[in-house]
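Student: give me a 3D structure for the following:
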Amino acid sequence: MTLSKKILLFFLFHLTFQISSAQKLPNIIVIITDDQGYGDFGFTGNPHISTPTIDQLAKESIEFTNFYVSPVCAPTRSSLMTGRYSLRTGIRDTYNGGAMMSTNEITIAELLKKKNYVTGIFGKWHLGDNYPMRPSDQGFDESLIHLSGGMGQVGDFTTYYQGDRSYFDPVLWHNNQQESYTGYCSDIFAGEAIKFIEKNKNRPFFTYLSFNAPHTPLQVPEKYYLKYKDLDPSEGFGKDGKPFYPMNDSQKKDARKVYAMVENIDDNLKRLFSKLEELGIADNTVVMFLTDNGPQQQRYVAGLRGLKGNVFQGGVRAPLLIHFPKKFSKPKQINALTAHLDILPTIAELTDIDLPNDRKIDGKSLLGLIAGDENGFENRSYFSYWNRKYPEKYTNISIQNSGWKLVGKTDYDAEIEEFDLFNLQEDPFEQRNLISEEKDKALKLKTEMDQLYQELIQEKNLIEQPKIQIGFGDENPTFLNRNDAAGERGIWAQEEIFGYWNVKLAAGTYDFKFKFVKPVPAKGNMILETGTLVNSQTDTSEGEMEIIEMNGIEIFEMETALTPFYQVNGKEIFPFWVEILKK
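Tutor: Below you'll find the model as predicted:
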């Protein structure tokens, strides 16, 4: 045999081995819904909602019945993606410039690239809309997303002006480019995820299907809403020993819409799971299903106390279902304390990938629990908090361990008697405060809470907040949106408000376009501050303007606050979004 034939055979052998090894790797699908509460399923006891697909999934899966997420969406998503508490990643808010995850974080997608997975996200990202924080910068080969925290919100300026039709026929961002789509958002995201799976059925894939529903605005196809329009969603509760919190007429109306949106998601998951069966890949596909936080509006929450944004159980307890027929043939329920932090370590162990060793991973793989080994989970603690901008000491903060939960809803210098202490094993609905009877246990939990709080607020990614990088060749033009604007708290759709974007600018010549919430009067002065460099331009036109342009601005490389505002008639008006083109 000639040398060239030996080399060819050697190459073919190793190629065949690599393909064979790749085929053994499981496909991974992570499905997360937005603002769907613990009670928004048939399998958690809600008789009014139709979720047959998810209910069947629960019957056939490993169900984690003591699973937790963050009280709001961006923190949950960062922990899910990294296995780390959100404050370690730089995520500290859902807007106000605090929903940008540091680019040095390692996501599930980046981890799976080590085993040659093809990766795709479809739906909500909410961890940064600009370079270097977009899905494509964090390991995703294909991305179809809306911007910011939700369609129709101010940060998602391509759907904002569609008003009560923002969920229909939207302009979305496909691989960082704007594209128009036809149909309802959940149908679009599920449909495109199915296309991605079909296209990559012969290689290991990671599909992150991140529905933006049933988040507000509550928009749903009429055929789904008509099924619920005459429903009283408050009927039939309170007789099973579980607390049921009263609903007003507005909350009942919202619940009808939410249930319709959830049923639509359920139908889309039926499409997805049917496609896996059709392609013959269902047995070797891991499906993980969870929600991101509690419900925004009051409705049935399976007796739990609190809603979205709250560290009580109703804000942070969520379902987790793991379905993997090839490895987990028998369904079971597991009641150990688990969290969104555990998703990345679990996927890493399933695919035989080492976890990053240069950072703290807070999560633990769930495979041992599934096998019946609770080692590492018996004395586990879980920390939760939620405040705007940055954590506020002892305000909406909690820690739990071994069935005991300490909740702070008080002042920074409060005594232990001002906290709440619950025994979740005996009181899962947090109705009886045991602080006076179990003071020593509360003090022990508070010591751990203090230590972790101090550790997290000193994280480098939190102190050195992520910056949008402009002009470095990876994104041009750059669109700065209201979701990522810092400045005054609560920047939303206001006109007269102080705001800026934290950026890193490359040296060069730039053209700027400033779009306003609504047209502004002419004869004003447009000012752009970038560090020590301030450029101003006086308008000489007539009437009103929707967009003001400042072209040919020379900028040297800098890290700074990019602060634009328009002075007119004694007002300073902050732009709705800014388009920046490097020439």
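
Student: give me the number of residues near residue 527?
Tutor: Per other C-beta atoms under 10 Å, the neighbour tally for residue 527 reads 16. Backbone N, C-alpha and C define where each C-beta goes, glycine included.

Student: for residue 313, same thing?
Tutor: By the criterion of other C-beta under 10 Å, residue 313 has 25 neighbours.

Student: over to the one 10 residues further on?
Tutor: Look at residue 323: counted by other C-beta under 10 Å, it has 20 neighbours.

Student: so it sits against residue 59, correct?
Tutor: No. Using C-beta atoms under 8 Å, residue 323 makes no contact with residue 59, being 10.1 Å away.

Student: tell me what the longest helix anywhere in the chain is packed against?
Tutor: Counting residues, the longest helix in the chain under DSSP state H turns out to be helix 249-279. Applying 3 or more C-beta pairs under 8 Å, 6 or more residues apart in numbering; DSSP states H and E, we find helix 249-279 packed against strand 27-33, helix 52-60, helix 185-199, helix 222-225.

Student: would you turn these into JSON lines with mean pLDDT?
Tutor: Shown next, in JSON lines, are the helices and strands packed on helix 249-279 (pLDDT from 0 to 100):
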{"stretch": "strand 27-33", "mean pLDDT": "98"}
{"stretch": "helix 52-60", "mean pLDDT": "98"}
{"stretch": "helix 185-199", "mean pLDDT": "98"}
{"stretch": "helix 222-225", "mean pLDDT": "98"}
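
Student: between the ones you listed, which one is closest to residue 522.
Tutor: Among the helices and strands packed on helix 249-279, helix 185-199 comes nearest to residue 522, with 37.3 Å by C-beta to C-beta.

Student: hey, C-alpha coordinates of stretch 414-421 in CSV?
Tutor: Extracted C-alpha coordinates of stretch 414-421, given in CSV (Å, rounded to 0.1, in the frame of the first residue of the first chain):
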residue,chain,number,x,y,z
ALA,A,414,-32.8,46.1,60.6
GLU,A,415,-32.6,43.7,63.6
ILE,A,416,-33.3,40.0,63.0
GLU,A,417,-36.8,40.4,64.5
GLU,A,418,-37.8,42.5,61.5
PHE,A,419,-37.1,39.6,59.0
ASP,A,420,-39.5,36.7,58.1
LEU,A,421,-38.6,33.1,58.6
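
Student: centre of the chain to that stretch, how far?
Tutor: Offset of stretch 414-421 from its chain centre (C-alpha atoms, centre = their mean, to the nearest Å): 31 Å.

Student: residues contacting that stretch, please?
Tutor: With contacts defined as C-beta atoms under 8 Å, 6 or more residues apart in numbering, stretch 414-421 is touched by 394, 404-411, 430, 433-436, 438-439, 441-443, 445-446.

Student: return the members of the residues you listed classed as buried.
Tutor: Among these, those buried by neighbour count (16 or more other C-beta atoms under 10 Å) are 394, 404-410, 430, 434-435, 438, 441-442, 445-446.

Student: between those, which is nearest residue 314?
Tutor: residue 430 (8.7 Å).

Student: in strands only, show me the buried ones among the contacts of stretch 414-421.
Tutor: 404-409 (DSSP state E).

Student: now for the residues you listed: which two are most distant?
Tutor: Pairwise over these, using C-beta to C-beta, the maximum falls at 404 and 409, 16.7 Å.

Student: pLDDT on stretch 169-184, on average?
Tutor: Stretch 169-184 carries an average pLDDT of 98.

Student: how far does it sit from the chain's center?
Tutor: Counting by C-alpha atoms, centre = their mean, stretch 169-184 is centred 19 Å from the centre of its parent chain.

Student: figure out the length between the terminal residues of that stretch.
Tutor: 6 Å (C-alpha to C-alpha, to the nearest Å).

Student: return the set of buried residues in it.
Tutor: Within stretch 169-184, the residues that count as buried by 16+ other C-beta under 10 Å are 170-174, 176, 181, 184.

Student: and what of stretch 500-516?
Tutor: Neighbour counts using 16+ other C-beta under 10 Å place 500-505, 510, 512-514, 516 of stretch 500-516 among the buried residues.

Student: now do stretch 223-235
Tutor: Under 16+ other C-beta under 10 Å, the buried positions of stretch 223-235 are 224-225, 228, 233-234.

Student: alpha carbons only: can I get that stretch in CSV?
Tutor: The C-alpha trace of stretch 223-235 is given here as CSV (Å, rounded to 0.1, in the frame of the first residue of the first chain):
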residue,chain,number,x,y,z
LYS,A,223,-59.1,31.9,18.0
TYR,A,224,-57.3,31.2,21.2
TYR,A,225,-58.8,34.1,23.2
LEU,A,226,-62.4,33.0,22.2
LYS,A,227,-61.9,29.8,24.1
TYR,A,228,-61.4,31.8,27.4
LYS,A,229,-63.4,34.9,26.9
ASP,A,230,-66.3,33.8,29.1
LEU,A,231,-64.1,32.1,31.8
ASP,A,232,-64.1,33.2,35.4
PRO,A,233,-60.5,32.4,36.3
SER,A,234,-61.2,32.8,40.0
GLU,A,235,-63.7,30.0,40.3
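
Student: about what we covered before: right, so the helices and strands packed on helix 249-279: which one is the most enclosed?
Tutor: Compared across the helices and strands packed on helix 249-279, strand 27-33 shows the largest average neighbour count, a mean of 24 (mean count of other C-beta atoms under 10 Å).

Student: figure out how far that one is from the centre of its chain.
Tutor: Here strand 27-33 shows a centroid-to-chain-centroid distance of 13 Å under the convention C-alpha atoms, centre = their mean.

Student: with only the CA atoms kept, save that strand in CSV.
Tutor: Extracted C-alpha coordinates of strand 27-33, given in CSV (Å, rounded to 0.1, in the frame of the first residue of the first chain):
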residue,chain,number,x,y,z
ASN,A,27,-29.3,17.0,21.0
ILE,A,28,-30.2,19.7,23.5
ILE,A,29,-33.4,21.7,23.5
VAL,A,30,-34.0,24.3,26.3
ILE,A,31,-37.5,25.8,26.3
ILE,A,32,-38.3,28.8,28.6
THR,A,33,-41.4,30.9,28.7
